[in-house]
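Could you look at this predicted model? Sequence included:
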Amino acid sequence: MKHSINRLLLACVFSLACFWPLTANARVYIDITSAQTRKVPIAIPYLEEEAQPGVLLESGKKMADLLGRALDFHGFIGVIPSEKYGGGMQADWASIGADFVVKGQYSRSANGMEVDLKLVEVQSGKMLMGRRYRGTWEKRRFMLLKFCDEVILELSGEQGVSLSQIAFTSDTTGHKEIYLADVLGDELRQVTSHGSIAVSPRFSPDGSRLAYTSYHRGSPDLYITDLSQNRTTKPVSRRKGLNMAPGWSPDGKMLALTLSVDGNPDLFLMDLNGQIQARLTKDAGINVSPSWSPDGKQICFVSDRTGDPQVYIMDVASRAVRRLTYQGNYNTSPTWSPKGDLIVYCGRDSGSNHIFTISVDGNQIKRLTDSWGDHESPSWAPDGRQVVFTRKRGDAVQVCAVFYNGTGLRPLFKFSGRQTFPQWSPRLQK
């Protein structure tokens, strides 16, 4: 079966003229960012209820639709419309152009539900993977999205991001409050209710907590809220001046943030109880927007110490600093990729703000956005393959996403109000 999978996946990635020999045990995954990659066609018939085989039910259709939306979100899968085959489990899959089929069956009882899902390769007819989940009926969404992420892993070698969320600020109530939504734009949840301005949400490494800055007491103070409950959030720093834009250390024990306790905005290390552990910069211009490297050894940040805002990298142990960006005179909001090789940031180019990536050594720069408007506040997906950001076009301010090779730019949400400061969560295990 492994050799059959290898041949099929290789064909998905390369044109007919672009093959190379495989070793006996090689596994080839789809490179979703290759310019030669075509979308992999997958059929997802309605899930069947075990007690009513062959009957097309609305509940089975809705579950299939969710599977399709989640798989499509990852950019390299094309879901074949059910109208082409009627939505049933039996069809000539090859004739409608499907390379794979996702089939599912579920049963309901007084104790909850059970769902069996499998990914089938059309050419060989073999099941590549199968999963069985048990839980309450209310947990069916989690079970389906978990399977989607396993399918993405099977095809690309990297687990999907269906089970992740995006935090952002929205003014839909007339105040700037922080909200959460999953990546499909469902399950919207308001996190803060300060009736003021709340900005710069930052997820803890395990996704269980959210740090943010709120102005509801008149000055920018730092708070942390436990996302498992809706009780009053915990104030972490209410020092005079700025308490802004924290970056969580990879172990979740420390925050790097901007304080202006002595007048100048500088970077500090603080524990989760609000105690300052170290000062990282001192009076070398304005220093903001810290983001940790995945190994916790370095921090990228913005400073105007040379006159214009540029991105710098600091070694945390030695405090040694080197300048990373030299292209342009306005570069802000850096965030380190979870893979550790790239930093995404906002840079001024041709009169507008755009999203760029730069290699950690500074040698490779790529502009990801080319549509009109201002593109700001980038944040990486947990797989390092997509970037979420805010696009401003006049009064319209939307959360958008783009793949790290600059393809697939699209708005994510259709919520009312203006959405800013998006932050992508880690993968969540509910």
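Yep, that arrived. Nothing here was measured: the structure is a model prediction, and the numbers come from that model.

So for this protein, which residue is the most central one in space?
Nearest residue to the geometric centre of the chain (C-alpha atoms, centre = their mean): Ala381, 2.7 Å.

and that residue, what does it touch?
Val161, Ser164, Val387, Val388, Ala401, Trp424 (C-beta atoms under 8 Å, 6 or more residues apart in numbering). Where C-beta positions appear, they are placed from N, C-alpha and C, glycine not excepted.

Name the helix or strand of the chain that has the lowest mean pLDDT.
The weakest-scoring helix or strand in the chain, judged by mean pLDDT, DSSP states H and E, is helix 2-13 (a mean of 36).

Return the subset of the contacts of Ala381 lying in strands.
In strands, judged by DSSP state E, the following of the contacts of Ala381 are found: Val387, Val388, Ala401, Trp424.

For Tyr326, grab the count of nearby residues.
13 (other C-beta atoms under 10 Å).

again, but for Tyr85
Neighbours of Tyr85 (other C-beta under 10 Å): 19.

surely it meets Pro45?
Yes: between Tyr85 and Pro45 there is a contact at 7.2 Å, judged by C-beta atoms under 8 Å.

Name all residues that sit in contact with those two at the same time.
Shared contacts of Tyr85 and Pro45, counting by C-beta under 8 Å, 6+ apart, come down to Ala91.

And the helix or strand where Phe147 lies, what's buried?
Per DSSP states H and E: Phe147 is located in helix 140-156. By neighbour count with 16 or more other C-beta atoms under 10 Å, helix 140-156 contains the buried residues 140-152, 154-156.

ok, Ile197 touching Lys176?
Yes: shown here, Ile197 and Lys176 form a contact pair, counting by C-beta under 8 Å, at 4.5 Å.

neighbour-wise, which of those two wins?
Just comparing Ile197 and Lys176: by other C-beta under 10 Å the higher neighbour count belongs to Lys176, 22 against 16.

Quick check: that one touching Ser200?
No: using C-beta under 8 Å as the test, Lys176 is too far from Ser200 to be in contact (10.8 Å).

list the residues that contact both of the two?
Thr169.

can you list the weak-confidence ranges in the stretch 251-400 of the chain?
Within the stretch 251-400 of the chain, no stretch has pLDDT under 70.

ok, which stretches of it are strands?
For the stretch 251-400 of the chain, the strands defined by DSSP state E, counting those that start in this stretch occupy 254-259, 266-271, 276-279, 287-292, 298-303, 310-315, 321-323, 331-336, 342-349, 352-359, 365-367, 374-380, 386-393, 396-403.

go on, the stretch 101-250 of the chain?
Ranges of strands in the stretch 101-250 of the chain, per DSSP E, counting those that start in this stretch, are 112-121, 127-135, 165-170, 177-182, 189-190, 198-203, 209-214, 221-226, 234-237, 243-248.

will you turn those into JSON lines that also has mean neighbour count?
Shown next, in JSON lines, are these (neighbours: other C-beta atoms under 10 Å):
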{"stretch": "strand 112-121", "mean neighbour count": "19"}
{"stretch": "strand 127-135", "mean neighbour count": "14"}
{"stretch": "strand 165-170", "mean neighbour count": "25"}
{"stretch": "strand 177-182", "mean neighbour count": "22"}
{"stretch": "strand 189-190", "mean neighbour count": "13"}
{"stretch": "strand 198-203", "mean neighbour count": "23"}
{"stretch": "strand 209-214", "mean neighbour count": "24"}
{"stretch": "strand 221-226", "mean neighbour count": "20"}
{"stretch": "strand 234-237", "mean neighbour count": "18"}
{"stretch": "strand 243-248", "mean neighbour count": "24"}
